[in-house]
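Enquirer: Below is the sequence, then the predicted model.
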Amino acid sequence: MATAREQQAMIEAKLQAVRDQITALRVQEKLLVELLGELNPASKPTRQRSPSIKPLVLDYMAEAGEAGATSREVQDFVKSRVPTVATDTVGSVLSRLKADGALVYEGDRYYEKRFAPARPFDGGLRAVN
């Protein structure tokens, strides 16, 4: 019987072999898709949808804390993580989060609600005339 270390090495070798097969299959798939595209130029490749960026935006805003972030800063961060994100998507997500009350927009910066700058007259007090 093989030792635990030998068993682990065998499993890792099998795993690598499977990964190599997957890589080879992906190359074959890409080639076949390209061949189909050449045979039928009228067909357009299907657009791949980018993953949801809302969690990325919320994580970034939490990290930004009291400093907040401009829409450009958030856009650059998201684009570095999800290069396929559409141009206006980050702005739309920021607007939706603001409308939902998760973010506050002050000046040119967005803040997570708990880090929003205090407004001097937000305490519900009215000035006496």
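Expert: Now that the structure is in, tell me what you want to look at.

Enquirer: use CA for all of it now, contacts and neighbours both
Expert: Fine.

Enquirer: Break this protein down into its domains, please.
Expert: Following automatic domain parsing, the chain resolves into domains at 1-45, 54-115.

Enquirer: Show me the shaky parts of this protein.
Expert: Within the chain, the segments meeting pLDDT under 70 span 41-48, 120-129.

Enquirer: now the strands for it?
Expert: 103-106, 109-112 (DSSP state E).

Enquirer: any idea which of the domains of the chain is most buried?
Expert: domain 54-115 (a mean of 16; mean count of other Cα atoms under 10 Å).

Enquirer: Give me the distance from that domain to the chain's centre.
Expert: 11 Å (Cα atoms, centre = their mean, to the nearest Å).

Enquirer: Now the terminal residues of that domain, how far apart.
Expert: With Cα to Cα, to the nearest Å as the measure, domain 54-115 spans 18 Å from end to end.

Enquirer: For E6, find the nearest of the strands of the chain.
Expert: strand 109-112 (51.2 Å; Cα to Cα).

Enquirer: do you know how far E34 is from Q21?
Expert: Taken as Cα to Cα, the span from E34 to Q21 is 20 Å.

Enquirer: next one: L35
Expert: Taking Cα to Cα, one finds L35 at 21 Å from Q21.

Enquirer: And for D76?
Expert: On the measure of Cα to Cα, D76 and Q21 end up 36 Å apart.

Enquirer: How about V85?
Expert: 30 Å.

Enquirer: Please apply the same query to R114.
Expert: Distance from R114 to Q21, by Cα to Cα: 49 Å.
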